[in-house]
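> Build me a structure from this.
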Amino acid sequence: MKVVAINGSPRKKWNTADLLNKVLEGAASEGADTKLIHLYDLKYRGCISCFACKKKDGKSYGQCVMDDDLTAVLAKIKKADVVVLGSPIYLANITGQMKSLLERMIFQSMLYDKDHSSLVEKKKPVAFIYTMNVNDERAQDYDYIYKMNERYLKHVFGYAESFLSTDTYQFSDYKKYDTSLFDSEAKAKRHKEVFPQDCERAFALGAKLARTKLEDL
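Sure, this is the predicted structure:
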């Protein structure tokens, strides 16, 4: 059992990365081999609309033809048994790095037939962790993002689910930044009381995905 987690946040030691690590800890508790990849360490672009992955009898049919740092990541995703994605919400959407990954990860395997058939032979569960500064109520404004990504990922890979962590703690010291919009004490309290619960949920998610057969999810 191989579980690959992909961090779409520029931070390696904050909310998104912490939750991804908890997912991997949960998977490891069930005996899985785990790996965490940080997208911001890599140099790559999103889909360039060359359609090499769709060319009949082409050498790159079903596979992104671009050769950059994301090529190896796509290969790891292909071999993995479970994939976990993670991104903060910036300006009402996932990060650009994560969006570029999704373009190439999904489009190469999705056919232009009436059913948009998937070329993925090894189906697998894909979970998507979203972290955001807004509260639970405002988080519902982004519901279309979660649902759209879930729809594409489920269609191509077989199963997908979303995980939300809201009202997150952005800085260790709010006094250093111009953030009068926020109640820093309330933020700190929530980070102390609620974020550990999010970490427990993330651990449980990792354990579940590692031990449960795809058809039973």
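> The worst-scoring helix or strand of the chain on mean pLDDT packs against which elements?
Lowest by mean pLDDT, DSSP states H and E among the helices and strands of the chain is helix 184-193, with a mean of 86. Judged by 3 or more C-beta pairs under 8 Å, 6 or more residues apart in numbering; DSSP states H and E, helix 184-193 is in contact with no other helix or strand. All C-beta spots, glycine's among them, are computed from the backbone N, C-alpha and C.
> Show residues contacting that helix.
With C-beta atoms under 8 Å, 6 or more residues apart in numbering as the test, helix 184-193 has contacts from 167-170, 174-175.
> Name the residues of stretch 25-40 that are buried.
26-28, 32, 34, 36-39 (16 or more other C-beta atoms under 10 Å).
> same deal with stretch 106-126?
By neighbour count, and taking 16+ other C-beta under 10 Å as the criterion, the buried residues in stretch 106-126 are 106-110, 118, 120, 124-126.
> Strands along the protein, start to end?
Using DSSP state E, the strands found in the chain span residues 2-7, 33-38, 82-88, 124-131, 158-165.
> between those strands, which one is nearest to residue 72?
strand 33-38 (9.1 Å; C-beta to C-beta).
> so what does that closest one touch, helix or strand wise?
Using 3+ C-beta pairs under 8 Å, 6+ apart, the elements in contact with strand 33-38 are strand 2-7, helix 15-29, helix 69-79.
> List the residues that contact the residue nearest the centre of the chain.
What sits nearest the mean C-alpha location of the chain, by C-alpha atoms, centre = their mean, is residue 85, with 1.6 Å. For residue 85, the contact set (C-beta under 8 Å, 6+ apart) comprises 5-6, 8, 98, 101-102, 126-129.
> try residue 170
By C-beta under 8 Å, 6+ apart, the residues touching residue 170 are 133, 179, 187.
> Let me know the distance separating residue 34 from residue 133.
Remark: distance between residue 34 and residue 133 (C-beta to C-beta, to the nearest Å) = 28 Å.
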